[in-house]
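In: Following is a predicted model, sequence given first.
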Amino acid sequence: MLVTRSYENDEVVPEHIRTKYDWLETNNAAAILQATSPEEYADLMAVLETFELVPNQWMVKGGNRGEIPDILDGLFRTRGWKETRIDTEVKGYLYTNFVKRGGNYDPQDVTEVESVYSEGFRVDNHKGRVIVDVEWNAKDGNLDRDLAAYRSWHELGLINGAAIITKSRAELLELARRLYVRYQRRLPEEKRHAKFNPSLPDEAQLKKFKLPIDLTTSTVTAFDKAEIRVKRQGAGTCPILIVGVGPGAWSGDEFTGDDERPQHVSPDGWISTVD
(Lines give C-alpha, C1' and ligand atoms only; values in the text may rest on other atoms or scores of the structure.)
Protein backbone atom coordinates (compact mmCIF):
# COMPACT_ATOMS: atom_id res chain seq x y z
CA MET A 1 0.00 0.00 0.00
CA LEU A 2 1.37 3.39 -1.02
CA VAL A 3 -0.04 6.77 -0.01
CA THR A 4 0.08 8.75 -3.25
CA ARG A 5 -1.06 12.13 -4.62
CA SER A 6 -2.21 11.64 -8.18
CA TYR A 7 -5.17 13.91 -7.35
CA GLU A 8 -2.77 16.87 -7.33
CA ASN A 9 -2.57 16.61 -11.12
CA ASP A 10 -5.03 19.10 -12.65
CA GLU A 11 -5.77 16.63 -15.44
CA VAL A 12 -6.88 14.07 -12.86
CA VAL A 13 -8.74 16.33 -10.42
CA PRO A 14 -9.40 19.88 -11.67
CA GLU A 15 -8.14 22.54 -9.30
CA HIS A 16 -11.58 23.99 -8.51
CA ILE A 17 -12.72 20.56 -7.30
CA ARG A 18 -9.47 19.70 -5.53
CA THR A 19 -9.48 22.90 -3.45
CA LYS A 20 -13.09 22.28 -2.40
CA TYR A 21 -12.30 19.08 -0.43
CA ASP A 22 -9.68 17.25 1.60
CA TRP A 23 -8.02 14.32 -0.16
CA LEU A 24 -6.23 11.09 0.63
CA GLU A 25 -5.49 8.20 -1.71
CA THR A 26 -3.58 4.95 -1.94
CA ASN A 27 -2.00 3.38 -4.99
CA ASN A 28 -2.73 6.37 -7.25
CA ALA A 29 -6.46 5.76 -6.88
CA ALA A 30 -7.63 8.90 -8.66
CA ALA A 31 -5.44 8.33 -11.71
CA ILE A 32 -6.17 4.58 -11.75
CA LEU A 33 -9.94 5.08 -11.61
CA GLN A 34 -9.77 7.78 -14.28
CA ALA A 35 -7.84 5.43 -16.56
CA THR A 36 -9.69 2.16 -15.90
CA SER A 37 -13.23 3.42 -15.25
CA PRO A 38 -13.45 6.78 -17.07
CA GLU A 39 -17.26 7.02 -17.09
CA GLU A 40 -17.60 6.26 -13.40
CA TYR A 41 -14.73 8.59 -12.53
CA ALA A 42 -16.33 11.40 -14.53
CA ASP A 43 -19.53 10.83 -12.54
CA LEU A 44 -17.60 11.13 -9.27
CA MET A 45 -15.99 14.40 -10.36
CA ALA A 46 -19.38 15.75 -11.51
CA VAL A 47 -20.98 14.93 -8.15
CA LEU A 48 -18.15 16.56 -6.22
CA GLU A 49 -18.33 19.63 -8.44
CA THR A 50 -22.12 19.94 -8.03
CA PHE A 51 -22.46 19.23 -4.33
CA GLU A 52 -22.68 22.08 -1.83
CA LEU A 53 -22.87 21.88 1.95
CA VAL A 54 -26.02 23.82 2.91
CA PRO A 55 -26.21 24.52 6.68
CA ASN A 56 -29.98 24.00 6.97
CA GLN A 57 -29.52 20.53 5.49
CA TRP A 58 -26.31 19.72 7.32
CA MET A 59 -26.75 21.21 10.80
CA VAL A 60 -29.68 18.99 11.74
CA LYS A 61 -29.95 15.76 13.67
CA GLY A 62 -30.10 12.74 11.41
CA GLY A 63 -28.72 9.63 13.08
CA ASN A 64 -26.12 7.82 11.01
CA ARG A 65 -27.51 9.07 7.71
CA GLY A 66 -29.27 12.45 7.65
CA GLU A 67 -29.87 14.66 4.64
CA ILE A 68 -26.31 14.99 3.36
CA PRO A 69 -25.81 11.29 2.50
CA ASP A 70 -29.24 11.21 0.86
CA ILE A 71 -28.34 14.25 -1.23
CA LEU A 72 -25.00 12.77 -2.32
CA ASP A 73 -26.54 9.37 -3.05
CA GLY A 74 -29.25 11.12 -5.07
CA LEU A 75 -26.63 12.82 -7.24
CA PHE A 76 -25.14 9.41 -7.99
CA ARG A 77 -28.56 7.82 -8.62
CA THR A 78 -29.33 10.34 -11.36
CA ARG A 79 -26.17 9.10 -13.08
CA GLY A 80 -27.16 5.44 -12.98
CA TRP A 81 -25.44 4.31 -9.78
CA LYS A 82 -27.26 1.84 -7.54
CA GLU A 83 -27.18 0.63 -3.97
CA THR A 84 -25.76 -2.88 -4.35
CA ARG A 85 -25.01 -5.93 -2.25
CA ILE A 86 -21.98 -7.86 -3.45
CA ASP A 87 -21.97 -11.57 -2.59
CA THR A 88 -19.13 -13.88 -3.54
CA GLU A 89 -18.72 -17.61 -4.05
CA VAL A 90 -15.31 -19.26 -4.16
CA LYS A 91 -14.79 -22.65 -5.77
CA GLY A 92 -11.69 -24.81 -5.58
CA TYR A 93 -10.36 -27.78 -7.54
CA LEU A 94 -7.71 -30.28 -6.42
CA TYR A 95 -5.53 -31.72 -9.21
CA THR A 96 -3.55 -34.89 -8.37
CA ASN A 97 -1.71 -37.87 -9.89
CA PHE A 98 0.35 -35.99 -12.44
CA VAL A 99 1.72 -37.79 -15.47
CA LYS A 100 4.45 -36.27 -17.59
CA ARG A 101 3.50 -35.93 -21.24
CA GLY A 102 6.09 -34.17 -23.30
CA GLY A 103 7.01 -31.01 -21.46
CA ASN A 104 3.83 -30.91 -19.38
CA TYR A 105 2.54 -32.63 -16.27
CA ASP A 106 -1.12 -33.52 -16.69
CA PRO A 107 -3.30 -34.37 -13.68
CA GLN A 108 -5.21 -37.63 -13.87
CA ASP A 109 -7.68 -36.84 -11.11
CA VAL A 110 -9.68 -33.69 -10.36
CA THR A 111 -11.68 -33.19 -7.18
CA GLU A 112 -14.02 -30.25 -6.75
CA VAL A 113 -13.85 -28.66 -3.30
CA GLU A 114 -17.12 -27.56 -1.75
CA SER A 115 -17.68 -23.92 -2.63
CA VAL A 116 -17.67 -21.18 -0.01
CA TYR A 117 -20.47 -18.62 -0.29
CA SER A 118 -20.08 -15.27 1.45
CA GLU A 119 -22.96 -12.84 1.79
CA GLY A 120 -21.75 -9.29 1.44
CA PHE A 121 -23.28 -6.02 2.57
CA ARG A 122 -24.90 -3.16 0.76
CA VAL A 123 -22.65 -0.45 -0.62
CA ASP A 124 -24.16 2.99 -1.13
CA ASN A 125 -23.27 3.49 -4.78
CA HIS A 126 -22.01 1.01 -7.34
CA LYS A 127 -21.56 1.31 -11.08
CA GLY A 128 -19.36 -0.71 -13.39
CA ARG A 129 -16.26 -1.63 -11.43
CA VAL A 130 -16.27 1.25 -8.92
CA ILE A 131 -17.82 1.69 -5.46
CA VAL A 132 -18.52 5.00 -3.72
CA ASP A 133 -19.69 4.89 -0.10
CA VAL A 134 -20.91 7.93 1.80
CA GLU A 135 -19.82 7.45 5.41
CA TRP A 136 -21.15 10.61 7.02
CA ASN A 137 -22.07 9.90 10.61
CA ALA A 138 -21.96 6.12 11.11
CA LYS A 139 -19.90 4.29 13.72
CA ASP A 140 -16.25 4.51 12.73
CA GLY A 141 -16.00 0.71 12.73
CA ASN A 142 -17.86 0.83 9.41
CA LEU A 143 -14.63 2.02 7.84
CA ASP A 144 -12.84 -1.20 8.82
CA ARG A 145 -15.65 -3.21 7.24
CA ASP A 146 -15.59 -1.09 4.08
CA LEU A 147 -11.84 -1.30 3.53
CA ALA A 148 -11.70 -5.05 4.19
CA ALA A 149 -14.50 -5.61 1.69
CA TYR A 150 -12.86 -3.42 -0.96
CA ARG A 151 -9.66 -5.37 -0.50
CA SER A 152 -11.42 -8.70 -0.97
CA TRP A 153 -13.43 -7.58 -3.99
CA HIS A 154 -10.36 -6.05 -5.62
CA GLU A 155 -8.32 -9.21 -5.07
CA LEU A 156 -11.15 -11.21 -6.66
CA GLY A 157 -11.07 -8.90 -9.67
CA LEU A 158 -14.56 -7.49 -9.10
CA ILE A 159 -13.66 -3.79 -8.74
CA ASN A 160 -10.97 -1.43 -9.96
CA GLY A 161 -11.09 0.67 -6.80
CA ALA A 162 -13.34 2.52 -4.39
CA ALA A 163 -13.98 5.94 -2.92
CA ILE A 164 -15.33 7.05 0.44
CA ILE A 165 -16.93 10.46 0.92
CA THR A 166 -16.96 11.57 4.55
CA LYS A 167 -16.83 14.74 6.63
CA SER A 168 -13.80 16.66 7.83
CA ARG A 169 -15.15 16.79 11.37
CA ALA A 170 -12.86 19.25 13.16
CA GLU A 171 -13.06 21.83 10.38
CA LEU A 172 -16.84 21.53 10.14
CA LEU A 173 -17.16 21.90 13.90
CA GLU A 174 -15.40 25.26 13.72
CA LEU A 175 -17.63 26.40 10.84
CA ALA A 176 -20.81 25.19 12.57
CA ARG A 177 -19.95 27.11 15.74
CA ARG A 178 -19.46 30.33 13.80
CA LEU A 179 -22.70 29.88 11.86
CA TYR A 180 -24.64 29.13 15.03
CA VAL A 181 -23.34 32.21 16.88
CA ARG A 182 -24.29 34.39 13.91
CA TYR A 183 -27.71 32.72 13.92
CA GLN A 184 -28.15 33.62 17.60
CA ARG A 185 -27.18 37.23 16.92
CA ARG A 186 -29.87 37.57 14.23
CA LEU A 187 -32.64 36.14 16.38
CA PRO A 188 -35.02 38.37 18.37
CA GLU A 189 -33.92 38.66 21.97
CA GLU A 190 -36.74 36.47 23.28
CA LYS A 191 -35.67 33.58 21.01
CA ARG A 192 -31.95 33.67 21.71
CA HIS A 193 -30.13 31.06 23.73
CA ALA A 194 -29.85 32.04 27.39
CA LYS A 195 -26.05 31.91 27.19
CA PHE A 196 -25.80 34.32 24.24
CA ASN A 197 -24.37 37.72 25.12
CA PRO A 198 -24.92 40.30 22.36
CA SER A 199 -22.25 42.57 23.85
CA LEU A 200 -19.50 39.98 23.31
CA PRO A 201 -17.84 39.38 19.93
CA ASP A 202 -18.72 36.17 18.09
CA GLU A 203 -15.22 34.80 18.64
CA ALA A 204 -15.73 34.79 22.41
CA GLN A 205 -18.94 32.73 22.17
CA LEU A 206 -18.02 29.92 19.80
CA LYS A 207 -18.00 27.16 22.43
CA LYS A 208 -20.95 28.31 24.57
CA PHE A 209 -23.77 26.47 22.86
CA LYS A 210 -24.79 22.94 22.14
CA LEU A 211 -25.12 22.75 18.36
CA PRO A 212 -28.14 21.28 16.59
CA ILE A 213 -25.79 18.57 15.32
CA ASP A 214 -23.15 16.70 17.30
CA LEU A 215 -19.70 17.22 15.78
CA THR A 216 -17.75 16.58 18.97
CA THR A 217 -18.18 12.79 19.05
CA SER A 218 -14.92 11.18 17.99
CA THR A 219 -16.24 7.64 17.41
CA VAL A 220 -18.07 8.31 14.14
CA THR A 221 -16.88 8.21 10.57
CA ALA A 222 -14.77 11.19 9.53
CA PHE A 223 -11.76 12.00 7.36
CA ASP A 224 -9.24 11.60 10.18
CA LYS A 225 -10.71 8.20 11.12
CA ALA A 226 -10.52 7.04 7.51
CA GLU A 227 -6.90 8.24 7.25
CA ILE A 228 -5.87 6.14 10.26
CA ARG A 229 -7.45 3.00 8.85
CA VAL A 230 -6.16 3.49 5.33
CA LYS A 231 -2.62 3.91 6.62
CA ARG A 232 -3.01 0.65 8.56
CA GLN A 233 -3.26 -0.94 5.10
CA GLY A 234 -6.80 -2.17 5.70
CA ALA A 235 -7.52 -2.13 1.97
CA GLY A 236 -4.34 -3.89 0.88
CA THR A 237 -3.45 -3.06 -2.72
CA CYS A 238 -6.94 -1.84 -3.65
CA PRO A 239 -6.79 1.78 -4.86
CA ILE A 240 -8.74 3.86 -2.33
CA LEU A 241 -9.75 7.52 -2.64
CA ILE A 242 -10.95 9.36 0.49
CA VAL A 243 -12.76 12.69 0.01
CA GLY A 244 -13.30 14.90 3.04
CA VAL A 245 -16.15 17.41 2.97
CA GLY A 246 -15.16 20.53 4.87
CA PRO A 247 -15.66 24.31 4.78
CA GLY A 248 -14.50 24.43 1.17
CA ALA A 249 -17.80 22.81 0.15
CA TRP A 250 -19.90 25.28 2.17
CA SER A 251 -22.59 26.88 0.00
CA GLY A 252 -22.20 30.29 1.64
CA ASP A 253 -25.70 30.11 3.13
CA GLU A 254 -26.28 31.02 6.76
CA PHE A 255 -27.92 28.65 9.23
CA THR A 256 -31.46 29.92 9.78
CA GLY A 257 -33.14 27.18 11.81
CA ASP A 258 -36.85 26.79 11.13
CA ASP A 259 -38.02 30.36 11.46
CA GLU A 260 -36.12 32.41 8.90
CA ARG A 261 -35.63 32.47 5.17
CA PRO A 262 -32.24 31.22 3.98
CA GLN A 263 -29.49 33.80 3.84
CA HIS A 264 -26.40 33.82 1.67
CA VAL A 265 -22.96 35.22 2.45
CA SER A 266 -21.24 36.73 -0.58
CA PRO A 267 -17.45 36.40 -1.07
CA ASP A 268 -16.99 39.95 0.28
CA GLY A 269 -18.86 39.13 3.50
CA TRP A 270 -22.24 40.76 2.85
CA ILE A 271 -25.31 38.79 4.00
CA SER A 272 -28.40 38.84 1.78
CA THR A 273 -31.78 37.13 2.22
CA VAL A 274 -32.71 34.48 -0.33
CA ASP A 275 -36.38 34.35 -1.35
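Out: That came through fine.

In: any chance you could map the helices in the stretch 101-250 of the chain?
Out: Here the stretch 101-250 of the chain has its helices, by DSSP state H, counting those that start in this stretch, at 141-155, 169-186, 223-231.

In: ok now do the residue most central in space within the chain, which residues does it touch?
Out: Residue closest to the mean C-alpha point of the chain, counted by CA atoms, centre = their mean, is Ile165 at 1.1 Å. For Ile165, the contact set (CB atoms under 8 Å, 6 or more residues apart in numbering) comprises 72, 132-136, 243, 245. Any C-beta I mention is one placed from the backbone N, CA and C, and that applies to glycine too.

In: following the helix or strand harbouring Tyr41, which helix or strand shows up next?
Out: When elements are assigned from DSSP states H and E, Tyr41 belongs to helix 38-50. For helix 38-50, the following helix or strand on the C-terminal side (DSSP H and E) is helix 55-58.

In: export the contacts of Ile165 to TSV and tack on pLDDT and distance to Lys191?
Out: Listed next are the contacts of Ile165 as TSV, based on pLDDT from 0 to 100; distance: CB to CB, whole Å:
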residue	pLDDT	distance to Lys191
Leu72	96	32
Val132	98	40
Asp133	97	39
Val134	96	34
Glu135	95	35
Trp136	91	29
Val243	98	37
Val245	97	30
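
In: low pLDDT regions in this structure?
Out: Under the criterion pLDDT under 70, the flagged ranges of the chain are 62-65, 258-275.

In: Would you map the strands across it?
Out: Along the chain, counting by DSSP state E, strands occupy 3-4, 21-26, 82-85, 88-101, 104-118, 122-127, 130-134, 161-167, 240-245, 263-265, 271-273.

In: And the fourth one, what does it pack against?
Out: Contact partners of strand 88-101 among helices and strands, from 3 or more CB pairs under 8 Å, 6 or more residues apart in numbering; DSSP states H and E: strand 104-118.

In: and the strand it packs on, which strands flank it?
Out: Partners of strand 104-118 in the sheet, by DSSP bridges, are strand 88-101 (antiparallel).

In: ok, residues contacting the partner strand?
Out: Here strand 88-101 makes contact (CB under 8 Å, 6+ apart) with 105-113, 115-118, 120, 152-153, 156, 158.
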